[in-house]
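# just to be clear, the model below is a prediction. Sequence and coordinates:
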Amino acid sequence: MKRRKVDLAQAPADIARGVDERYQVATPLRAILNKVFPDHWSFLLGEIALFSFIVLLLTGTFLTLFFDPSMKEVVYNGSYTSLRGVPMSAAYESAMNLSFDVRGGLFLRQMHHWAALLFVAAIVVHMARTFFTGAFRKPREANWAIGVTLFLLGFLEGFTGYSLPDDGLSGTGLRIASAIMLSIPVAGTWISAAVFGGEYPGDLIIGRFYIAHVLLIPAILLALIAVHVGLVFKQKHTQWPGPMRTNTNVVGERMFPRYVMKQGGFFMSVFGVIALMAGLFQINPIWLFGPYSAANVSSASQPDWYVMFMDGLLRVMPNWQIYLGPYSIPPLFWPAVVGLGALTTVPMFYPFIEARRHKDKAIHNLLQRPRDNPERTAIGAMAFAFFIWATLMGGNDVIADKFHISLNAMTWSGRIGLLVLPPLAYFVAFRVCLGLQMHDREVLAHGVETGIIRRLPSGQFVEVHQPLGPTDDHGHPIPIEYGGWVVPKKMNRVGALAPAIKGFFFPVETPPEAPVSPGMPPVTGPDDREEITSGH
Amino acid sequence: MTTTHDGGNGGSQPPVDLSDPRLSRFDIVKEGLRRDDIEIVTYESQFPGVNSKAEKRVVRNIAILLIISGLAGLAFVVFYIVWPWEFKLGDTKSDYFTPILGVSLAIALFGLGLAILAWAKKLLPHEVLIQHRHDGGATPDEQLLTGQTMVYVAEELGVQRRPLLKGAIAIGLAPLGIAAAAPLIGGLIKNPHKPENGQNPPLFRTGFDPVANNGQLVRLTRDDGTPVRPEDVSTGGQMTVFPGIPGGATNEYADSPTLLIHLRPEDALVAREHADADARNKGSMFGDYVAYSKVCTHAGCPASLYEQQTQRLLCPCHQSQFMVTRNAQPIFGPATRRLPMLPLEVDSEGFFVAKSDFKDTVGPDFWERP
Ligand code: HEM
Ligand code: FES
């Protein structure tokens, strides 16, 4: 028998050729390997949401192996002695068993919950960054709208999950949810009856929420996240203005290997943070709340943080009931149905509203610094002031208790604050933006303050300014045009001083590049600097 | 290796002949980049030379991080297997099981994450590349071709020219769509107003309704089902009571929990005065005892914090406050409606019973509440 000679070195090339002949992948594959990604820390916020979503899928799948979404009444007989002999739903019992009788179950439960909190937090901060930098402008309006939908779905996913263990807190949350449905005019009682399968609480709701929580909502989330990230990929990420960066290019590094490795390393770190929190910080200790009973509520029980704004709005809403003959609309309807509805739909249209107002049909791939669009920044500040204040009011009883303020005074300040603070935030943010803009322009015109004080022959003291660009014949700096990017304002930002902080585990060998504006000549070395003595 | 250009796009460079044997692999990569419209601005090693000391140090650090990660991962598995994890009350070793898992897994993940990050950021060559975006759609020609093709497809179907088909589609397909939705919606719909077993619909009824108890008045019981006598509640005291029927204290009767309060005589005087002045609550108190639904009329939380000094009942959910001596009228917070009063009586054996069901609808408000 004759041995065939195999050239091992040629094997990969042969295989690759064979694959390409069948699937025509060579060109698109190379385009993916070579794709250029811009980089900035703020672009990682969306990634945190993505990575915590992956952790949610992994840990959640583990939980389903043990959780029993049934409202059948059972008597507890597990390891947690204080609740032995207590009647409870099978759902609560299985969540208890997950915490006490499944090895490592509590760890995974806590990981799932912490990942959920991080997920929604990352969505909100990511949303803020896309908003304040104008990343939602044409051509990314659809991705913004998908993002808003993702927030709403994340909220619902979190709420359904919170309800599943059927403990004291989740039952109270469900009760309020049922009341919110009841408050809808005309159809309220019908909607609540449809969702709960009759009178609250019935014995179907956990099963229904379960299928929504583990199948329906995650499937939609997964699909939308795929489209969301796919669009970022297709449309290419926005970038900050800077040297060489234009509206028609992307300046950065190739997807493989550097970008993907950085993403992978970052994923592991996010995963690590979640694991650490899950190990060290207790979350949702359902055994302390006990099984749900309609007659009991532990005071100072707070929902998960992203539901607190809703709770806060319910608390500060005055008791205005609208009567229409024999019918009425309870005050609950306004914050919970109209409010939440508006909060999750109106922002979807913001990109179109802004483009309309400024008759802006251009494509924007360069981000804007928040200060450069004071109006938008002020609107964002207003929205966040509202959200944060409402969230704080969701804990107004705790605040009142801690600081010995009367609850009534707290509620009143909540009401007044909700009306006064957002416009105030608008005004302050607007002024701050203008101030920052002015300072930027000043530095560009006159140079960086050096901290060196010089005495003029006349006896007058002036501070020496280091011009950022060339100077004219009299040593006066020639004004530089603003490039939409950070203006160096400290001497070490123009390379005059070594970086203040050394590297993390070995010294930084090269000083960081000073960010410079486009159209600005590179910063010159220390030798050709000259002192100007004339001050301004 | 450093290449530097001043502007222009990748396409402006001349193509290279790939069959040229003198091309290095990097030259070939560069040609690929050029064809993908990418230009290299900077591509340089972060180290002064091959195998420099600095490079070796970075490599060593990464290796250490990977080994730490591996050790921590191993520790996770070992602790998972050997640590006594079964829960016992009190301070036991099992309390440390979850923290140990968390810390060891976190170290393993951080180690791996930092190793990869250091590899990418400190070891790989520093690179800056420029890629063109090609925004703004295809050429007008392309747009025209696709647009016209779509219009032509519509014309081929010819729905516009054939009105009969248009109508037939509507008439023929709409029912099918409805048929698909019908089971989903129909299965979920439950008429909240439909009487059940010949009784009031549950929307307007609680466990205290005698009809559900074979016409007998329902006793007030504790959560363990034992009935309550007036002397069981001390002056100024309160007790949560449930209907004394099978399952009366379970969530099946989530609207039934009631707060039985034994008022101090002077408060009771005021309370009775107000109750008797009200058509619905008239005669509902028993002596100095009054009973209100515990289900908050705002959003249904148990309004359970009774302040004896001020005679207020506070709901912990959104801080609605109800005046116990004034028919539980809301005096602060988002609730708009008073808590319904349960008419009280004592039966021949000396136990509390409800004279009838609540006369107002219990629980959160809704559109058609009578
Ligand atoms: C499920 C939650 C979400 C996930 C997993 C997610 C993920 C991502 C990722 C990985 C990116 C690219 C990196 C970055 O720019 O941060 C991105 C970009 C983007 N996201 Fe999200 N996101 C989520 C929610 C949202 C929300 C709530 C909004 C806004 C309402 C939003 C709007 C955008 C926009 C406009 C971009 C394009 C940004 C650009 O190109 O500069 N996303 N998202
Ligand atoms: S449920 Fe009682 S105040 Fe809202």
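Happy to help now that I have it. Ligands and ions are numbered 1, 2, ... in the order given.

# pretty sure B:K121 contacts A:Y259?
No - with contact defined as C-beta atoms under 8 Å, B:K121 does not reach A:Y259; the gap is 11.2 Å. Where C-beta positions appear, they are placed from N, C-alpha and C, glycine not excepted.

# out of the two, which sits in the busier spot?
A:Y259 (18 against 15; other C-beta atoms under 10 Å in any protein chain shown).

# was I right to think the more buried one contacts A:N34?
No - the criterion here is C-beta under 8 Å, and A:Y259 misses it with A:N34 at 10.9 Å.

# so whichever residue of chain B sits closest to chain A is in which element?
At 1.0 Å from chain A, B:G102 is the closest residue in chain B, using C-beta to the nearest C-beta. According to DSSP states H and E, B:G102 maps onto helix B:97-118.

# which helices and strands does that helix pack with?
Applying 3 or more C-beta pairs under 8 Å, 6 or more residues apart in numbering or on different chains; DSSP states H and E, one finds that helix B:97-118 contacts helix A:105-132, helix A:260-280, helix B:53-82.

# from the chain's centroid, how far away is the last one?
Mean C-alpha position of helix B:53-82 versus that of the full chain (C-alpha atoms, centre = their mean, to the nearest Å) differs by 38 Å.

# got the buried residues for it?
B:55, B:58, B:61-62, B:65-66, B:68-69, B:72-73, B:75-76, B:79-80 (16 or more other C-beta atoms under 10 Å in any protein chain shown).

# pLDDT at A:A11, what is it?
pLDDT recorded at A:A11 is 87.

# which SS state does it fall under?
At A:A11 the chain is in helix, as set by DSSP: H, G, I helix; E, B strand; the rest coil.

# quick one, what contacts the residue of the stretch 51-200 of chain A found nearest ligand 1?
Minimum separation of the stretch 51-200 of chain A from ligand 1 (C-beta to the nearest ligand atom) falls at A:G147, amounting to 2.0 Å. Each residue near A:G147 by C-beta atoms under 8 Å, 6 or more residues apart in numbering or on different chains is listed here: A:I123, A:H126, A:M127, A:T130, A:H228.

# repeat that for 7 Å
Contacts of A:G147 were listed using C-beta atoms under 7 Å, 6 or more residues apart in numbering or on different chains, and they are A:M127, A:T130, A:H228.

# quick one: secondary structure of the last one?
The assignment at A:H228 comes out as helix when based on three-state DSSP.

# list the contacts for the closest residue to the residue of chain B closest to chain A other than its chain neighbours?
Of all residues not flanking B:G102 in the chain, A:G279 sits nearest, at 1.0 Å (C-beta to C-beta, 6 or more residues apart in numbering or on different chains). If you count contacts by C-beta under 7 Å, 6+ apart, A:G279 has them with A:F107, B:T98, B:P99, B:L101, B:G102, B:V103, B:A106.

# quick one: the helices in the stretch 201-350 of chain B, in order.
For the stretch 201-350 of chain B, applying DSSP state H, counting those that start in this stretch gives helices covering B:265-276.

# same check, this time on the stretch 51-200 of chain A
With DSSP H, counting those that start in this stretch as the criterion, the stretch 51-200 of chain A has helices spanning A:90-100, A:105-132, A:141-163, A:168-182, A:188-196.

# mean pLDDT added to the ones you listed, as CSV?
As requested, these are exported to CSV (pLDDT from 0 to 100):
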stretch, mean pLDDT
helix A:90-100, 96
helix A:105-132, 97
helix A:141-163, 96
helix A:168-182, 92
helix A:188-196, 94
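
# out of the ones you listed, flag the one nearest A:R17.
Within these, the stretch nearest A:R17 is helix A:141-163; the backing value is 37.6 Å (C-beta to C-beta).

# now that closest one and helix A:90-100, what's the angle there?
Counting by axes from the mean of the first three to the mean of the last three C-alpha atoms, to 10 degrees, helix A:141-163 lies at 90 degrees to helix A:90-100.

# just want the angle from helix A:141-163 to helix A:168-182.
Helix A:141-163 and helix A:168-182 are oriented at 120 degrees to each other (the same axes, to 10 degrees).

# now helix A:141-163: how far from the chain's centre is it?
On C-alpha atoms, centre = their mean, the centre of helix A:141-163 falls 12 Å from the chain's centre.

# remind me which residues of the stretch 151-300 of chain A are low pLDDT?
For the stretch 151-300 of chain A, applying pLDDT under 70 flags the ranges A:298-300.

# which residue does it have closest to ligand 2?
A:I176 (6.7 Å).

# so who does that residue touch?
Here A:I176 is in contact with B:A299, B:G300, B:C317 (criterion: C-beta under 7 Å, 6+ apart).

# which one of the helices and strands packed on helix B:97-118 lies nearest to A:E463?
That would be helix A:105-132 among the helices and strands packed on helix B:97-118, by C-beta to C-beta, at 32.5 Å.

# okay, angle between that closest one and helix B:53-82 too, please.
Going by the same axes, to 10 degrees, helix A:105-132 makes 140 degrees with helix B:53-82.

# so helix A:105-132, near ligand 1 or not?
Yes - applying C-beta under 6 Å from any ligand atom, one finds helix A:105-132 touching ligand 1 at A:I123, A:H126, A:M127, A:T130.

# show the buried residues in the residues you listed.
Looks like those have A:I123, A:H126, A:M127, A:T130 buried, using 16+ other C-beta under 10 Å.

# ligand 2: which of those is nearest?
Relative to ligand 2, and with distances defined as C-beta to the nearest ligand atom, the nearest of those is A:I123, at 27.4 Å.

# just give me the neighbour total for the nearest residue in space to B:A75 that is not next to it in sequence.
Distances taken as C-beta to C-beta, 6+ apart place B:S104 nearest to B:A75, at 4.5 Å, with adjacent residues excluded. Counted with other C-beta under 10 Å, the neighbours of B:S104 add up to 22.
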